[in-house]
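Colleague: below is the sequence, then the predicted model.
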Amino acid sequence: MLSGRERALFIAHTGTFAALLAAGSWISIPFVPVPLTLQTLFLFIAAGFMGRHAAAPVLLYLLLGALNFPVFHNGAAGIGVFLGPTGGFLLGFVPAAIVSGFCFEQSRSAVQWAGMGAAASIYYACGIAWLAFSSGLSLPAAALAGAVPFIPGDLLKAFAAYTVNTRVSRLVRAPGDWGMVK
């Protein structure tokens, strides 16, 4: 059971990171068929703050988009976005947030880095599979179009998220206490 303070932090973090995910989708460089956005940066920062509960802001973000709030890339909204080329990546954010969140609850940096790598593998796998299915591309062609160009940027975003999470944890939490809610 969550105490009043923990519940308030959970709600505040969930709303804040859902808003940051939405803002991150608007900050983008257009690529075809999948744009380069800052969503994964905020997903990894949420994982550092919220631990295994980082799926909550991702689910809220996806729910808002499904309810026609213009939170996806370039103001897109609705269920149709999940059926388009980016749908697999968006849905892959949920298990990716859980995996990276569990890993950020550990104090060892190698585990945290491995968690971000595993999370990226998850959303890439979901995204590539759906991109191939939805567009008729082969899996290798979908990987070349939907993953390979984004790997360098995701490495930079993972480094930035790790740096933010490490520095913030030193300011507001005891070392190793990554999980906002236990």
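Modeller: Noted; the coordinates are in hand. Everything quoted here is computed from the prediction, not taken from an experiment.
Colleague: list the neighbouring strands of the helix or strand bottoming out on mean pLDDT in the chain plus their orientation.
Modeller: Least confident helix or strand, the chain: strand 28-29 with a mean of 78, by mean pLDDT, DSSP states H and E. Taking DSSP bridges as the criterion, strand 28-29 forms sheet pairs with strand 36-37 (antiparallel).
Colleague: show the subsequent helix or strand relative to the partner strand.
Modeller: Where DSSP states H and E defines the elements, the next helix or strand beyond strand 36-37 is helix 39-50.
Colleague: now what about that following helix, what contacts it?
Modeller: 10, 13-14, 17, 20-21, 23-25, 54, 56-58, 93, 96-97, 100-101, 103-104, 112, 115-116, 119-120, 123, 154, 157-158, 160-162, 164-165, 168-169, 178-181 (Cβ atoms under 8 Å, 6 or more residues apart in numbering). In short, each C-beta sits where N, CA and C put it, glycine included.
Colleague: low-confidence bits of this structure, can you list those?
Modeller: Residue ranges of the chain with pLDDT under 70: 1, 32, 173-182.
Colleague: figure out how far the helix ranked longest in it is from the centre of its chain.
Modeller: Ranked by number of residues, the top helix in the chain under DSSP state H is helix 109-135. Relative to the centre of its chain, helix 109-135 is centred 10 Å away, using Cα atoms, centre = their mean, to the nearest Å.
Colleague: what angle do it and helix 39-50 make?
Modeller: Interaxial angle, helix 109-135 versus helix 39-50 (axes from the mean of the first three to the mean of the last three Cα atoms, to 10 degrees): 140 degrees.
Colleague: give me the most central residue, the protein.
Modeller: Closest residue to the average C-alpha location of the chain: L43 at 3.0 Å, with Cα atoms, centre = their mean.
Colleague: kindly provide the distance from that one to A120.
Modeller: Going from L43 to A120 by Cβ to Cβ, to the nearest Å gives 10 Å.
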